[in-house]
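Q: here is my input; please provide its structure:
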Amino acid sequence: MSQLYATNAGGSVVNFNGGTLNSGGSTVNNGSLFQVGNGVGAATLHLGGGSHSFANGLFINTNGFLTGTGGITGSITDRGTIAPAMASALSPTSAT
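A: Residues are numbered from 1 along each chain as shown. Take a look at the predicted model:
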């Protein structure tokens with residue numbers, strides 16, 4: 001997909017439990033943490049460049065992967081794997 005938008009508080013629900021989601025840009029401001037995976041099956045969020053904003057944070061669950069390139073605005077909690085395309089490819093504002 002070229003852009004991921006989830007911006008309606010309480011009305012935009014994204015359940016990304018497994019598989020691969022490719023995004024050229026992301027705006028997630030729906031009042032919820034954006035979770036990559038459910039902790040059981042493999043899930044990959046692949047960023048294809050661009051800007052990616054997660055107002056309530058980005059959570060990489062167990063068996064979850066964050067890959068690709070792009071700028072990330074928002075906090076990242078990593079319980080899975082962050083594997084950028086290059087050493088400086090992903091630039092988060094904060095990570096835990």
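
Q: so what sits opposite residue 58 in the bridge?
A: In this structure, residue 58 bridges to residue 34, residue 76 when assessed by DSSP bridges.

Q: next, give phi and psi for the residue nearest to residue 55 when sequence neighbours are not counted.
A: Of all residues not flanking residue 55 in the chain, residue 29 sits nearest, at 4.0 Å (Cβ to Cβ, 6 or more residues apart in numbering). For the C-beta atoms, the positions are set from N, CA and C on the backbone; glycine is no exception. Phi and psi for residue 29, reported as degrees, to the nearest 10, are phi -140, psi 60.

Q: now do residue 29 against residue 83, distance only.
A: 26 Å (Cβ to Cβ, to the nearest Å).

Q: now do residue 17
A: Per Cβ to Cβ, residue 17 is found 20 Å from residue 83.

Q: wait, residue 26 touches residue 54, no?
A: Yes - in this structure, residue 26 is within contact of residue 54 by Cβ atoms under 8 Å, at 7.1 Å.

Q: ok so, going back, pLDDT at the residue nearest to residue 55, what is it?
A: pLDDT, residue 29: 94.

Q: residue 13 too?
A: Among the per-residue scores, residue 13 holds a pLDDT of 81.

Q: ok, now which ones touch it?
A: Counting by Cβ atoms under 8 Å, 6 or more residues apart in numbering, residue 13 touches 6, 30, 32.

Q: which residues touch the second one?
A: Going back to what we said before, that points to residue 30. Contacts for residue 30 (Cβ under 8 Å, 6+ apart) come out as 6, 7, 8, 9, 10, 11, 12, 13, 14, 56.

Q: and the third one, backbone torsions?
A: Yep, that's residue 8 we're talking about. Torsion angles at residue 8 (phi, psi; degrees, to the nearest 10) stand at phi -100, psi 110.

Q: what's near enough to touch it?
A: Going by Cβ under 8 Å, 6+ apart, the list of residues near residue 8 reads residue 30.
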